[in-house]
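1. I'll drop the sequence and a predicted model, then ask my questions.
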Amino acid sequence: MAEVSNRPPAEGPRHSFLCIVDESEELGQAIRFACRRAQSSGGRVALLYVVEPADFEHWAAVGELMSEERRAEAEKRMHTVAAEVQAQTGEVPALYIREGKITEELIKLIDEEIQISSLVLGAATGTEGPGPIVSQLIGKMTERVRVPITIVPGSLTDEQIDAIT
């Protein structure tokens with residue numbers, strides 16, 4: 001009997017597991033899950049960081065400086081997370097940095113980049129709920145996202161994530 005493989009052909013775009021980079025504790029679980037899924041399916045990890053626009057209209061120069069500082073912080077954070085993804089998968093992830101409202105930019109990116117096949121989010125473990133992005137996407141915005149959304153509980157250990165992927 002011939003061996004069946006889930007891996008896509010070497011040529012052409014590979015499917016990607018998209019994670020949103022922020023400062024949350026649960027990002028680590030989402031990244032690990034995405035890395036394991038990418039490895040097991042022949043895909044790759046993609047990272048999105050959305051820089052909120054500076055709301056400083058009165059003094060344009062100050063607003064521009066604030067925007068540049070936020071962009072530099074985003075690039076630094078993305079570099080750190082990309083290094084972690086590369087350590088786990090052996091591959092450099094696809095990187096996207098955008099400016100705007102996070103849910104709008106997320107949906108635009110998913111619509112523009114056809115290789116994105118899944119959105120992986122970490123859910124917060126605190127009493128405040130699963131987090132603002134998870135709450136928004138699960139609420140009114142679910143119908144606007146063309147890919148499956150995987151929500152990884154922030155309380156999962158690395159071993160538990162490895163066992164289910």
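-> It's in.

2. residues contacting the closest residue in space to Ser40 that isn't next to it in sequence?
-> By the measure of Cβ to Cβ, 6 or more residues apart in numbering, the closest residue to Ser40 outside its immediate chain neighbours is Thr165, 6.2 Å from it. All C-beta spots, glycine's among them, are computed from the backbone N, C-alpha and C. Contact analysis of Thr165 by Cβ atoms under 8 Å, 6 or more residues apart in numbering lists Phe33, Arg36, Arg37, Ser40.

3. from those, pick the one nearest Gln86.
-> Gln86 lies nearest to Arg36 out of these, by Cβ to Cβ, at 14.5 Å.

4. the closest one reaches Gln160, doesn't it?
-> No. Taking contacts as Cβ atoms under 8 Å, Arg36 lies outside contact range of Gln160: 11.2 Å.

5. of those two, who's got more company?
-> The neighbour comparison of Arg36 against Gln160 (other Cβ atoms under 10 Å) goes to Arg36, with 20 against 14.

6. can you say which of the contacts of Thr165 are buried?
-> By neighbour count, with 16 or more other Cβ atoms under 10 Å, those hold Phe33, Arg36, Arg37 as buried.

7. skipping its backbone neighbours, what lies nearest the first one in space?
-> When you say that, I think you mean Phe33. Using Cβ to Cβ, 6+ apart, the closest residue to Phe33 is Val152 (4.6 Å).
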